[in-house]
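In: How does the following fold in three dimensions:
(4 chains)
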Protein chains: 2
Amino acid sequence: MEFQAALPIYLQVKTMIKRDIVAGVLQPGEKMPSVRELALQFTINPNTVSRVYRELEAEGICFTRRGMGTFVTENPGIVRQLQEEMAQELMAHFLNGMNQLGFSREEAILMIKENSEC
Amino acid sequence: MEFQAALPIYLQVKTMIKRDIVAGVLQPGEKMPSVRELALQFTINPNTVSRVYRELEAEGICFTRRGMGTFVTENPGIVRQLQEEMAQELMAHFLNGMNQLGFSREEAILMIKENSEC
DNA sequence: CCTAGTGTATTATGTGCTTAGAACACAGAT
DNA sequence: ATCTGTGTTCTAAGCACATAATACACTAGG
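Out: Residues are numbered from 1 along each chain as shown, chains lettered A, B, ... in the order given. All right, here's what the predicted structure looks like:
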């Protein structure tokens, strides 16, 4: 694992966790790795992981029981909600970028269809 | 104009300029805005613009004539090259992200087709 | 009670980005 | 020569991010 230099690590970790929830790697109610464990796994500082969990909790994605750990929100709708949010954001980013490059929505779709090398 | 907090300003400006070149807003050989002018336009520091021009020059996208200004590279291939590069990057980012959300390439294309609201 | 494993908080340090301000070097026009 | 508009360079300051190290607060299980 390596992080992209341009984006703060804590944001990249947030995205990874959210994607793991959508993909089912982390399931609703499941215990997430401990702050120290995830810090070891990513070779980053526990404080950085702590920030990630704090922000994810503020977004209603997980909750914390002091002394016990951090857990994915039980609400099963969380998966669909995250999936919708993140997919929309990816599509918007892609289409907006392609538009600024001079490609229409249809041209963008055509290009992505005819490109097997990505 | 406002910048995204997560990404350094100089990177965002670089992308904007490259997209303008691909879209034809800036044409090969054309004079680019002066460091101070672009700084005023974006309400950022001239040093930040200077850094953008320096990096773009290092990538062969523009060249500088001291006392005259900074100009888009004359080479007309620059447009096609940038277009190819940036489109590939957008497609890769999109498909990779969708994959991590659990969508195959075909599903991703379907979703983007059926979504007129983005 | 004690230990181990949780999240949390604090302090200090280093790095990169951004800004402000000032000065310098070069080119073109008057 | 002088003025104006270029890019360039330098110094100082502030902020966010990330790290290291340490300590604290809580929970479960021996």
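In: what does chain A have sitting close to DNA strand D?
Out: Proximity of chain A to DNA strand D, by CB under 7 Å from any atom of the strand, involves residues A:8-11, A:43-48, A:65-68. Using the backbone N, CA and C atoms, a C-beta is placed for each residue, glycine as well.
In: Mind splitting chain A into its structural domains?
Out: By the assignment in automatic domain parsing, chain A contains the domains A:9-72, A:77-113.
In: Mind putting the ones you listed into CSV with mean neighbour count?
Out: Shown next, in CSV, are the domains of chain A (neighbours: other CB atoms under 10 Å in any protein chain shown):
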stretch, mean neighbour count
domain A:9-72, 16
domain A:77-113, 16
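In: Relative to residue B:55, which of these is closest?
Out: Evaluated over those, closeness to residue B:55 peaks at domain A:77-113, with 19.4 Å, by CB to CB.
In: what about the closest one, distance to the chain center?
Out: How far domain A:77-113 lies from its chain's middle: 16 Å, per CA atoms, centre = their mean, to the nearest Å.
In: and it, anywhere near chain B?
Out: Yes. Shown here: domain A:77-113 in contact with chain B (CB under 8 Å from any CB of the partner chain) through A:83, A:86-88, A:90-95, A:97-98, A:100-103, A:109, A:111-113.
In: Point me to the helix or strand that includes the residue of chain A positioned farthest from its centre.
Out: What lies farthest from the middle of chain A is residue A:102; by CA atoms, centre = their mean that is 29.0 Å. Taking DSSP states H and E as the definition, one finds residue A:102 inside no helix or strand.
In: which phi and psi does it have?
Out: Reported as degrees, to the nearest 10, the phi and psi values for residue A:102 are phi 100, psi 10.
In: same check, this time on residue A:64
Out: Dihedral angles of residue A:64 (phi, psi; degrees, to the nearest 10) stand at phi -120, psi 140.
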